[in-house]
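Student: The following comprises the amino acid sequence and a computationally predicted model.
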Amino acid sequence: MLVLLLSFTPFCFAETGVVPRGIFLATHQPLSGPAQEFSDIGKSAQAYFEYVNDQGGIHGRSIYLKIVDDQLNPEMASQSISELTVKNDVFAVFSSVGSKTHQAVYPLLKQQGMPSFFVGSNLPEWTQPVRANVFGFMPTADTEARVLGKYLSGKHAGAELIIWYAEKPVYLRAVNALTNNLFGVSAKLLPGKSGRLTAEWELINERQPDLLIALGNFGDLMDFLKASPNLNIPVFTGHALADSRLPEWLSAVVSAHVRVLTAYPLNVETEHPGKKLHQQVLNEYAPRLNSSRWTLYGHAVAELMIEVLKRSGRNLTRQKAVIAAENINQWQGKLLPPVSLDSRNHLALTSFRVSQILPGRVNHLSDWIDGR
């Protein structure tokens, strides 16, 4: 009887993509093509998983991550993930990169009941309203706007500011979130229109505000700031420009006036304990990978995935992993800010610091501010 019971033990963990000594995850990322820089996210996450595996894994299981190349092309993403899940047992999709690519993949994942943990997309549709089995990682524009509103209300009461925003629906919603969290601050709106940056800066200089807020994606913000004729007031913006290379991208005068939202440490913060661990992991498990914003992102999101798997217990199922993720409260890893997830919030990055990026260093101007 004892022999019989032992022979059936593996079947106690008969969940797709889970075996007695392994957990199999998949992700789609641009390993090739013009956006291949983003694939360092998956490569870095894979290196961190290997590091964890060498420490004994999670409840005795190693984590294996299969990265498929989609070149940031929705059709390629859909085909690659479809072929992978048909031919292989996959527990969950993890940290897939791209809004349109993951939209193409999502119907298949939903049909198979496969969780999608920590999507690399800032589309609010992934988490607003909450979707079963889907968790976002990157902040939405609304979340960033609430953080900025809370900070400015506390630090710059009585100030007059202009809110410049890219004239797109997502940023118009962000403006509403921002103004709803501004107290004691006078704000005027300036919608950014294509081809009118010079005229917009002339209007800003004419009004002479104390502060300026800029809302947009990376391209919108870079075009706006590079058009600045003579920036001499603080400009507050979101997470898109949170990169150590910012002083190289902009003039020294402009970059010194920009304030961004930061989550995980930047590449220049070499004395940060999490950054030291990150460099150690890369040196040992991915020596050809240079530390960057994207490798730090990959390590950070992998830490969060490991925490979910730890909390899910030895008898791992997809449902238990989702429940475990929904019960993370004020958890902080080596790299991440405090993370809180529940059944009403599936977005991981909601807490940020307001920071100033200077050549070779970063000044953090606030503690963590939660934008939920």
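Tutor: Looks like it came in fine.
Student: Can you pull the poorly scored residue ranges out of the protein?
Tutor: Along the chain, the model assigns pLDDT under 70 to residues 1-14.
Student: The same query, at a cut-off of 80, please.
Tutor: By pLDDT under 80, the weakly predicted segments of the chain are 1-14, 86-87, 194, 230.
Student: Spatially nearest residue to the residue positioned nearest the centre of it, not counting backbone neighbours?
Tutor: Nearest to the centroid of the C-alpha atoms of the chain, with distances taken as C-alpha atoms, centre = their mean, sits Met138, at 2.9 Å. Leaving aside its chain neighbours, Met138 sits nearest to Asn122 (4.4 Å; criterion: C-beta to C-beta, 6 or more residues apart in numbering). C-beta: built from backbone N, CA, C; applies to glycine.
Student: from memory the one you found sits against Pro139, does it?
Tutor: Yes. Here Asn122 lies in contact with Pro139, judged by C-beta atoms under 8 Å, at a distance of 6.3 Å.
Student: Counting neighbours, what do you get for Ala227?
Tutor: A count of nearby residues for Ala227, using other C-beta atoms under 10 Å, gives 13.
Student: and what of the one 5 residues further on?
Tutor: Other residues within reach of Asn232, judged by other C-beta under 10 Å, total 10.
Student: So it, which state does it fall into?
Tutor: Put simply, Asn232 is coil when judged by DSSP: H, G, I helix; E, B strand; the rest coil.
Student: What ranges does the stretch 1-150 of the chain have for its strands?
Tutor: Assigned by DSSP state E, counting those that start in this stretch, the stretch 1-150 of the chain shows strands spanning 18-19, 22-29, 62-69, 92-94, 116-119, 134-136.
Student: Just the residues contacting stretch 351-369, thanks.
Tutor: 139, 144, 147-148, 150-151, 155, 236, 239, 241-244, 246-247, 252, 255-256, 258-263, 266, 268-269, 337-339, 370-371 (C-beta atoms under 8 Å, 6 or more residues apart in numbering).
Student: Next, the distance between the ends of it.
Tutor: The first residue of stretch 351-369 is 5 Å away from its last residue (C-alpha to C-alpha, to the nearest Å).
Student: Would you agree Leu148 is in contact with Leu261?
Tutor: Yes. Using C-beta under 8 Å, Leu148 is in contact with Leu261, at 7.3 Å.
Student: between those two, what contacts are shared?
Tutor: Contact criterion C-beta under 8 Å, 6+ apart; residues shared by Leu148 and Leu261: 238, 354.
Student: Looks like Phe224 contacts Ile162 (just checking).
Tutor: No. Counting by C-beta under 8 Å, Phe224 stays clear of Ile162, with 11.9 Å between them.
Student: on that earlier part again, so what's the residue nearest to Met138 up against?
Tutor: Contacts of Asn122 (C-beta under 8 Å, 6+ apart): 99, 136, 138-141.
Student: before we move on, what about Glu167?
Tutor: Glu167 makes contact with 191-193, according to C-beta under 8 Å, 6+ apart.
Student: Take those residues and lay them out in CSV including secondary structure.
Tutor: As requested, the contacts of Glu167 are exported to CSV (three-state DSSP):
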residue, secondary structure
Pro191, strand
Gly192, strand
Lys193, coil
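Student: Any of the residues you listed buried? List them.
Tutor: Using 16 or more other C-beta atoms under 10 Å as the burial test, those include Gly192 as buried.
Student: Tell me the one of the contacts of Glu167 nearest Leu309?
Tutor: The closest of the contacts of Glu167 to Leu309 turns out to be Gly192 (C-beta to C-beta; 42.6 Å).
Student: Test my guess that the closest one contacts Ile162.
Tutor: No. At 11.2 Å, Gly192 does not count as touching Ile162 under the criterion of C-beta under 8 Å.
Student: what's the distance between the closest residue to Phe24 other than its chain neighbours and Ser186?
Tutor: Once flanking residues are discounted, Phe24 sits nearest to Gly17: 4.4 Å by C-beta to C-beta, 6+ apart. Distance, Gly17 to Ser186, by C-beta to C-beta, to the nearest Å: 54 Å.
Student: Those two: who's more crowded?
Tutor: The neighbour comparison of Gly17 against Ser186 (other C-beta under 10 Å) goes to Gly17, with 19 against 12.
Student: How much space separates the more buried one from Arg61?
Tutor: 11 Å.
Student: which neighbours do these two share?
Tutor: Common neighbours of Gly17 and Arg61, using C-beta under 8 Å, 6+ apart, are Ile23.
Student: tally of neighbours for the nearest residue to Gly238 once chain neighbours are set aside?
Tutor: Leaving aside its sequence neighbours, Gly238 sits nearest to Glu144 (C-beta to C-beta, 6+ apart; 3.7 Å). Glu144: 26 surrounding residues under other C-beta under 10 Å.
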